[in-house]
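Trainee: Okay, predicted coordinates and the sequence, questions at the end:
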Amino acid sequence: MKFAVVVFPGSNCDHDAYHAAKHVLGQEAEFVWHKETSLGGADVVILPGGFSHGDYLRTGAIARFSPVMTSVTEFARAGGPVLGICNGFQILLEAGLLPGAMLRNRDLKFHCEHVRVRVEQANTPFTSGAAVGRILSLPIAHGEGNYFADPETIQLLESTGRIVFRYCDENGTPTDAANPNGAMNNIAGICNDARNVVGLMPHPERACERVLGSADGLVLFESAVSAVTAHGALHTATA
Amino acid sequence: MTLKPSVFDPQGQTITDALHSMGYGGVSDVRQGKYFELELQSGSPDQAKSLAAEVADKLLANPVIESYRIEVEQ
């Protein structure tokens, strides 16, 4: 199976995602420049972290209009698994593939540290291998990860089980002290209604080997491999 | 363009706090925003306004968190 890692001008975690898929998991992986219109037959699409277009205007606001996003949107609408990490999450929000928006961190600081997140949902292609309640130690590195949505949207996400990851303490409790950025309801990651598009602020791709301080992020990539290989390609990009 | 009233503005809050510590207790709230100047080739002020609104809706503003108002100068 094949991972496509989309590269925008200013992406800086593209190689980490490629490394996790290709070298840690031994899967096929390919970079796809944002001006491409084809995803090259990929089974899974990753929008990596970074600072696409320098975060000018708003995070992800310009990247969402890149030519490749038309293909990513078609791939997502057809049920293909899409993972947006950090800036990739912000791009998915701007593109309307996930609901809500990002505000500046409540303390206005850029946070670069390891945090704990609790797996809230196992029924997505990126968490199927993780038990609900499992606590992952993952790094974050962002200035705008303060997830916001109107009360109706938050209620919808809660009632339909679309909050996939929540910032939590060592006991798995989503306390305010464990919330690094002020995100509503301690939201670290969500999925779309069809559950195939997942976005999260922490960086699982930077936590796939013990030598990096944590291998907890690997489960997201392993889950994607299982999801695709178990069911055949959920959707192979043809465009 | 500013964050909607319902959206917490941490930058505006920090500026408010700074002003209070400087003795400007009369400033009860600050909302920080963005300002864009667009040069348009347009037939009329109404056309200019609707074009500005279109690009604001599509790109300049995120309707989830931001609101805006438009002024036309000739």
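Mentor: Great, that's in hand. Numbering: from 1, shown residues only, chains lettered A, B, ... in the order given.
Trainee: all strands for chain B, in order.
Mentor: Listed in chain order, the strands of chain B (DSSP state E) span residues B:2-3, B:66-67.
Trainee: Which one, of these, ends up nearest to chain A?
Mentor: Distances from chain A to each of those were compared using Cβ to the nearest Cβ; the shortest belongs to strand B:2-3, at 7.6 Å. Placement of C-beta: from N, CA and C, glycine included.
Trainee: any idea how far residue A:65 lies from chain B?
Mentor: Between residue A:65 and chain B the distance is 7 Å, computed by Cβ to the nearest Cβ, to the nearest Å.
Trainee: Identify the residue nearest that residue in space, chain neighbours excluded?
Mentor: Taking Cβ to Cβ, 6 or more residues apart in numbering or on different chains, and ignoring the residues beside it in sequence, residue A:65 has residue B:59 as its nearest neighbour in space, at 7.4 Å.
Trainee: Okay, buried residues for stretch B:1-11 please.
Mentor: Residues of stretch B:1-11 classed as buried by neighbour count (16 or more other Cβ atoms under 10 Å in any protein chain shown): B:2-3, B:7, B:9-10.
Trainee: among these, which are in reach of chain A?
Mentor: Checking the buried residues of stretch B:1-11 against chain A by Cβ under 8 Å from any Cβ of the partner chain, the ones in range are B:3, B:7, B:10.
Trainee: Now do the contacts for the residue lying closest to the first one once chain neighbours are set aside.
Mentor: This means residue B:3. Setting aside the residues directly before and after it, residue B:3 is nearest to residue B:9 in space (Cβ to Cβ, 6+ apart), at 4.7 Å. With contacts taken as Cβ atoms under 8 Å, 6 or more residues apart in numbering or on different chains, residue B:9 has the following neighbours: B:2-3, B:30-32.
Trainee: show me where chain A has strands.
Mentor: Using DSSP E, strands in chain A cover A:2-7, A:28-33, A:44-47, A:82-85, A:101-103, A:111-119, A:135-142, A:146-148, A:163-167, A:187-191, A:197-200.
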